[in-house]
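A.B. asks: generate a structure from the sequence data that follows.
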Amino acid sequence: MPEIIKNGRIVSDDWQVITLPEGETAATIALPAGRVIVPLAVWQTRREALAARIDLGEIGVWLDGTEDPLAIAADLARLPVVAIRFPKFSDGRGYSSAVLLRQRLGFGREMRAIGDVLRDQFNYLKRCGFDALQPAEGRYSRPQLEAAIASLNDFSQPYQASVADPKPLFGRLSRAA
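C.D. replies: Numbers count the residues shown, from 1 in each chain. Model (predicted):
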């Protein structure tokens with residue numbers, strides 16, 4: 001079973017991220033049994049057919065940085081996990097999607113960063129509201145993941161406000177008069 005970083009720890013992951021292979025469509029792709037995270041297109045096309053599985057907590061949805069999180073707003077209460085795919089490390093649109101999901105839409109369940117997720121970004125991903133980090137398969141060994149956990153706390157007191165720290169530094173610290 002693959003391993004991910006979740007809530008600052010390395011854990012085994014029983015979710016399978018589904019992608020659309022070339023030649024497959026959202027309507028025809030075969031979904032395996034068990035817990036799967038499907039692309040937004042599959043969710044939109046087969047939402048009613050997947051209703052029983054979502055009630056069992058077996059279906060999550062992933063979004064690309066180009067896809068609007070508002071497309072799943074009506075379903076957020078039902079989704080146990082929402083993932084945002086980073087197609088390359090330099091594409092920062094997923095950060096904005098995470099903040100929108102957490103702050104404006106009030107999503108309180110697992111939010112996962114998938115794809116080209118690098119150790120240098122882990123702290124920032126956490127501050128934007130991600131609680132699970134799933135780098136590309138084979139990207140990091142177990143010892144590298146263990147070392148990466150330390151990077152989640154690289155900065156003890158960040159200046160800016162974030163999902164993790166809603167007040168900026170000057171609002172979190174009190175000064176003697």
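A.B. asks: enumerate every residue touching F130.
C.D. replies: 84, 98, 111-113 (C-beta atoms under 8 Å, 6 or more residues apart in numbering). C-betas here are computed from N, CA, C, even on glycine.
A.B. asks: show me which of the residues you listed is closest to G60.
C.D. replies: G60 has its nearest neighbour among the contacts of F130 in R112, at 7.9 Å by C-beta to C-beta.
A.B. asks: so what are the sheet partners of whatever helix or strand that closest one lives in and their directions?
C.D. replies: Applying DSSP states H and E as the criterion places R112 in strand 110-115. Neighbouring strands of strand 110-115 in its sheet, by DSSP bridges, are strand 81-86 (parallel), strand 132-135 (parallel).
A.B. asks: check the offset of that strand from the chain's centre.
C.D. replies: Centroid separation between strand 110-115 and its chain, computed with C-alpha atoms, centre = their mean, to the nearest Å, is 2 Å.
A.B. asks: tell me which helix or strand comes right after that strand.
C.D. replies: Tracing the chain past strand 110-115, the next element assigned as helix or strand by DSSP H and E is helix 122-127.
A.B. asks: against which helices or strands is that next one packed?
C.D. replies: In terms of contacts (3 or more C-beta pairs under 8 Å, 6 or more residues apart in numbering; DSSP states H and E), helix 122-127 is packed against helix 93-99, strand 132-135.
A.B. asks: sorry, back to before: worst mean pLDDT among the strands paired with strand 110-115?
C.D. replies: Here the lowest mean pLDDT among the strands paired with strand 110-115 goes to strand 132-135, at a mean of 90.
A.B. asks: confidence score at Q160?
C.D. replies: Listed pLDDT for Q160 reads 67.
A.B. asks: likewise A164?
C.D. replies: 69.
A.B. asks: so where's this protein uncertain?
C.D. replies: Scanning the chain with the threshold set as pLDDT under 70 gives 89-90, 153-155, 157-162, 164-166, 168-170, 175-177.
A.B. asks: from the centroid of it, which residue is nearest?
C.D. replies: R112 (1.8 Å; C-alpha atoms, centre = their mean).
A.B. asks: wait, it sits on K126?
C.D. replies: No - R112 is beyond contact range of K126, at 11.9 Å (criterion: C-beta atoms under 8 Å).
A.B. asks: between these two, what contacts are shared?
C.D. replies: L133.
A.B. asks: nearest to A77 among the contacts of F130?
C.D. replies: Closest to A77, out of all of the contacts of F130 and judged by C-beta to C-beta, is M111, at 14.3 Å.
A.B. asks: what is the burial count for that closest one?
C.D. replies: M111 has 23 neighbouring residues, counting by other C-beta atoms under 10 Å.
A.B. asks: which ones are touching it?
C.D. replies: M111 neighbours (C-beta under 8 Å, 6+ apart): 81-84, 98, 101-102, 129-132.
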